[in-house]
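> Sequence below, structure please.
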Amino acid sequence: MIEIYTDGAARGNPGRGGYGVILKYKQQYKELSDGFRLTTNNRMELLACIIGLEAIKAQNMDITIFSDSKYVVDSVVKGWVFSWIKKNNFGGKKNQDLWLRFLKVYTNHQVKFIWIKGHNEHPENERCDLLATSAADGNNLKIDTYYENLSDTPKGLF
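Have a look, this model is predicted:
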């Protein structure tokens with residue numbers, strides 16, 4: 001069983017953002033993080049899950065993702081994202097680009113989500129929070145191209 005712990009952060013919403021990921025498998029341990037100059041908290045929460053899944057090289061693994069994001073966990077556990085795909089209708093749902101990217105890697109494994117309360121002294125969640133906020137506060141932030149292009153769109157077109 002591979003364990004993935006995730007967190008996302010935004011300094012302002014939208015604002016500078018970052019994600020933090022911890023991967024654990026037997027004696028292996030890996031941390032991942034990155035920051036973006038303009039994004040949202042929900043985008044970073046979802047991107048953390050994606051990055052964690054994309055980091056796994058083997059296929060068809062049993063994976064548990066621990067996240068403090070109700071947005072991400074509920075969208076998967078309650079089946080909302082699968083309904084959007086089945087109906088081929090995201091109906092104005094946010095983060096479509098990331099949900100489509102998520103589904104590409106999600107289907108490669110048997111993934112279970114567990115929601116954990118954030119800022120509750122859970123060691124891996126606290127570490128992911130530190131990774132995410134440090135990344136958001138860092139230098140050389142990446143561009144969340146999809147989000148920034150969408151943000152530049154005049155209101156009323158979508």
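> so how many other residues sit close to K57?
6 (other C-beta atoms under 10 Å). Heads up, the C-betas are built off the backbone N, CA and C, glycines and all.
> should've said E3
16.
> so when I look at L38, I'm seeing a helix, right?
No: L38: not assigned to a helix; according to DSSP: H, G, I helix; E, B strand; the rest coil it is strand.
> shouldn't it be in contact with K142?
No: using C-beta atoms under 8 Å, L38 makes no contact with K142, being 10.1 Å away.
> Sketch out the low-pLDDT regions of this structure for me.
89-90, 151-158 (pLDDT under 70).
> Over to P14: give its phi and psi.
phi -80, psi 160 (degrees, to the nearest 10).
> Likewise for T107?
Backbone torsions of T107, given as degrees, to the nearest 10, read phi -70, psi -10.
> Neighbour count for L38 and K142, which is higher?
Remark: of L38 and K142, L38 carries more neighbours, 16 against 13, as counted by other C-beta under 10 Å.
> what sits against the more buried one?
Contacts for L38 (C-beta atoms under 8 Å, 6 or more residues apart in numbering) come out as P14, G15, R16, G17, I143, D144, Y147, E148, S151.
> Skip the chain neighbours and tell me the closest residue to the third one.
By that I understand R16. In this structure, R16 finds its nearest non-sequential neighbour in A136, 4.7 Å apart by C-beta to C-beta, 6 or more residues apart in numbering.
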